[in-house]
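# Prediction below, plus the sequence it came from.
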Amino acid sequence: MAWTRWNEERVDQAIGNTLRAGVLLAVAIVAVGAAVFLARHGAERPPDYHVFRGEPGEMRTVSGILEAALRGSGRGIIQLGLLFLIATPVARVILSVAAFAAQGDRKFVVVTLMVLGALLYSLLGALA
């Protein structure tokens with residue numbers, strides 16, 4: 001499918017498919033992570049909720065999450081699924097920029113790039 005032949009209906013379809021695929025992939029990854037986590041820790045004693053224990057340091061960075069997921073950590077796999085869920089709207093906006101550019105709609109390219117910039121700024125600011 002050539003970019004130059006994209007009309008509004010095709011753009012809407014592609015964006016909808018991107019969102020659907022991203023959410024389904026994220027759900028599948030989280031489900032696998034939950035199964036791994038429960039298989040390893042499901043029979044443990046319930047946590048003491050009177051004492052707050054934050055996430056381990058490795059779960060606070062993308063590289064730490066990837067390393068934990070590759071090691072087969074249930075918690076790491078769940079976090080990876082959440083990263084995919086967060087990346088889904090970003091992919092949608094990137095697809096929108098490409099579609100608007102292919103259609104020659106400069107005004108919407110600029111507006112959508114501003115939205116992408118705001119999204120990336122908020123995500124990168126949260127990682128700092």
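Cool, got the structure.

# So, low pLDDT: which residues of this protein?
Counting by pLDDT under 70, the chain contains low-confidence ranges at 1-4, 126-128.

# What ranges does it have for its helices?
8-41, 62-70, 74-103, 106-127 (DSSP state H).

# Most tightly packed of those helices?
Here the criterion is mean neighbour count by mean count of other Cβ atoms under 10 Å, and of the helices of the chain the winner is helix 74-103, at a mean of 18. C-betas here are computed from N, CA, C, even on glycine.

# and that one, what other elements does it pack with?
helix 8-41, helix 62-70, helix 106-127 (3 or more Cβ pairs under 8 Å, 6 or more residues apart in numbering; DSSP states H and E).

# Hey, what's the angle from it to helix 62-70? Just curious.
120 degrees (axes from the mean of the first three to the mean of the last three Cα atoms, to 10 degrees).

# distance of the nearest residue to residue 90 once chain neighbours are set aside from residue 87?
Leaving aside its chain neighbours, residue 90 sits nearest to residue 119 (5.6 Å; criterion: Cβ to Cβ, 6 or more residues apart in numbering). Per Cβ to Cβ, to the nearest Å, residue 119 is found 10 Å from residue 87.
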